[in-house]
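> can you look at this prediction? I've put the sequence above it.
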Amino acid sequence: MPQRHYPGETIGIIGNSMASALLAQSAGKLGYRVASLVTNEINPVRQFSSWQTVTQRLTDEVLQQFGSRVDLVVTEKSLLTNRDYLLLNEVTDMPLSEDLIAITTDRLIEKAYLDSIKALVAPFSMVTNLSDIKEAIEYIGFPCILKTTQRHTNHAHDHIVLYSEEDFPEAELKVEESTCILEAWIPAEKRASLTVIRNERGEMLVYPVFEVIQTENIGTQVRYPASIQPMIEQELNRLGLMIAESLNLIGPLTIQFLITSAGVIYINNASIGLNEEAIFTIGSMSDSHFDVSLRALVGLPLPDLRPLSQAAIAIPLASLNIEKVLTQYMLRTDWSFVLFNPLGNQPQDLIGHVIINGDSIANCKRQIELTEINHFD
């Protein structure tokens, strides 16, 4: 039975990222205390925490001790095993069902679930040795992608793309380390994401679809609105609502879609929890992904959402000229700046994102060009 949590209680956040820092900031604004468990002493969460525990490894003892001191635990993706979640659930409130935990920790279970509800995913197969890989390639074909099934393992994000049999030796080494999933390569024209947030009352808030693109001179950008056809956007929204409802979700769900040139929609992954790409919602939407996620997790009603600008582009600070960004920081009221200076860093060692708001994507791109924030002298 989902629990409701009141101001004054302590939210325990496990993870070192900016997403965790933003959730901690949201919790503080709503009157909650924040406890933080991290594996890196220099992290952006520390400045928003009532107390923080730094550990080299997330052992049973560390997790039990941390969980017993807080009222609710929220964790970043890809940190804990299924067993870790169940262990925490014995000593504190974890807003995840056993099904959600399984989908969160295991790529194979996630794919099997999406396939079972008739959502289109890339053809896939579980593989444990080179013979399995060769057999799967007979119907998956080249190129294909090899991933570990368990998200918490070392090198879990180091996927291998197999283009031919010449890549078999590298693939064999990977499957010797852990069980893997082999997926067909989808020739996608666009990558889009959709975030749905649901609370224990069954209320749902859906953020507008945004597009994730790679550019040569700036790197990864998140853009709103996505340049997709209205019928495709309607289908993405339908899928998001259907999956959130079927999972009995509490909290945020972000679904990444691959869209082909023919308009075929594949679900690349469905991740439960916070998403750094959703930093673009700060300043571009009336309520950020992190504020609404916190409301859902503690049992509060969800707000009505409205865009604050017609278009926005979010860019990681690491891809920009920091001096020119700070010049704009002192001049502008129409952009949003999500900046952190983790304790232990030098004052100039900022991390974060810049969100450029405008009347259109073309207008946002023009502002980037005029301000030269992406130019390095």
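Received, thanks.
> pLDDT on stretch 267-275, on average?
On average, the pLDDT along stretch 267-275 is 86.
> stretch 74-82 now?
Rounded mean pLDDT across stretch 74-82 is 88.
> could you point out the longest helix of this protein?
helix 230-246 (DSSP state H).
> how does this protein divide up, domain by domain?
Structural domains annotated on the chain: 10-94, 123-184, 190-371, as defined by automatic domain parsing.
> check the offset of the shortest one from the chain's centre.
So that's domain 123-184. Distance of domain 123-184 from the chain centroid (C-alpha atoms, centre = their mean, to the nearest Å) equals 23 Å.
> the first one now?
When C-alpha coordinates are averaged (C-alpha atoms, centre = their mean), domain 10-94 and its chain have centres 16 Å apart.
> in stretch 359-369, what's buried?
Within stretch 359-369, the residues that count as buried by 16 or more other C-beta atoms under 10 Å are 361, 364-365, 367-368. The C-beta positions use only the backbone N, C-alpha and C, and glycine is treated the same way.
> can you redo those as JSON lines with secondary structure and pLDDT?
Putting the buried residues of stretch 359-369 into JSON lines (DSSP: H, G, I helix; E, B strand; the rest coil; pLDDT from 0 to 100) gives the following:
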{"residue": "361", "secondary structure": "helix", "pLDDT": "96"}
{"residue": "364", "secondary structure": "helix", "pLDDT": "96"}
{"residue": "365", "secondary structure": "helix", "pLDDT": "94"}
{"residue": "367", "secondary structure": "helix", "pLDDT": "97"}
{"residue": "368", "secondary structure": "helix", "pLDDT": "95"}
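> with distance to residue 109 as extra columns, can I get those residues in a markdown table?
Listed next are these as a markdown table, based on distance: C-beta to C-beta, whole Å:
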| residue | distance to residue 109 |
| --- | --- |
| 361 | 37 |
| 364 | 39 |
| 365 | 40 |
| 367 | 43 |
| 368 | 41 |
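> which helices and strands sit right next to the longest helix of the chain?
Helix 230-246 sits against strand 190-198, strand 204-206, strand 251-259, strand 265-272, with contacts defined as 3 or more C-beta pairs under 8 Å, 6 or more residues apart in numbering; DSSP states H and E.
> now it and strand 190-198, what's the angle there?
On the basis of axes from the mean of the first three to the mean of the last three C-alpha atoms, to 10 degrees, helix 230-246 is oriented at 40 degrees to strand 190-198.
> the spatially most central residue of the chain and residue 281: what is the separation?
Nearest residue to the geometric centre of the chain (C-alpha atoms, centre = their mean): residue 275, 2.4 Å. Distance, residue 275 to residue 281, using C-beta to C-beta, to the nearest Å: 10 Å.
> between the two, what contacts are shared?
Counting by C-beta atoms under 8 Å, 6 or more residues apart in numbering, the residues touching both residue 275 and residue 281 are 195, 289.
> can you list the low-confidence ranges for the stretch 151-300 of the chain?
156, 216-219 (pLDDT under 70).
> how much space between residue 87 and residue 181?
Taking C-beta to C-beta, one finds residue 87 at 25 Å from residue 181.
> quick one: which of those two has more around it?
Shown here are residue 87 and residue 181; by other C-beta atoms under 10 Å, residue 181 has more neighbours (21 against 16).
> hey, what's the more buried one bridged with?
Listed beta-bridge partners, residue 181: residue 126, residue 147 (assigned using DSSP bridges).
> OK, contacts around it?
107-108, 111, 124-127, 146-149.
> neighbour-wise, give me the winner out of these.
Going by other C-beta under 10 Å, residue 111 tops the contacts of residue 181 with 25 neighbours.
> that one in helix, strand or coil?
Of the three states, residue 111 takes helix according to DSSP: H, G, I helix; E, B strand; the rest coil.
> now do it, the pLDDT please.
92.
> so the longest helix of the chain versus strand 265-272, what angle?
Using the same axes, to 10 degrees: helix 230-246 against strand 265-272 is 40 degrees.
> follow-up on the earlier one: turn the domains of the chain into a markdown table, columns for distance to residue 102.
Below are those laid out as a markdown table (distance: least, C-beta to C-beta, whole Å):
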| stretch | distance to residue 102 |
| --- | --- |
| domain 10-94 | 6 |
| domain 123-184 | 11 |
| domain 190-371 | 11 |
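> let me know which of those is the nearest to residue 116.
Closest to residue 116 of the domains of the chain is domain 190-371 (C-beta to C-beta; 9.7 Å).
> what's the span of that closest one, first residue to last?
27 Å (C-alpha to C-alpha, to the nearest Å).
> and it, how far from the chain's centre?
For domain 190-371 - counting by C-alpha atoms, centre = their mean - the centre lies 10 Å from the chain centre.
> go on, stretch 186-196?
13 Å.
> which residues touch it?
Outside stretch 186-196, the residues touching it (C-beta under 8 Å, 6+ apart) are 122, 204-207, 209-213, 222, 226-228, 236-237, 239-241, 243-244, 249, 252-261, 266, 268, 275, 277-278, 281, 289.
> what sits opposite the closest residue to residue 237 other than its chain neighbours in the beta ladder?
Excluding its sequence neighbours, the residue lying closest to residue 237 (C-beta to C-beta, 6 or more residues apart in numbering) is residue 206, at 6.0 Å. Judged by DSSP bridges, the bridge partners of residue 206 are residue 196.
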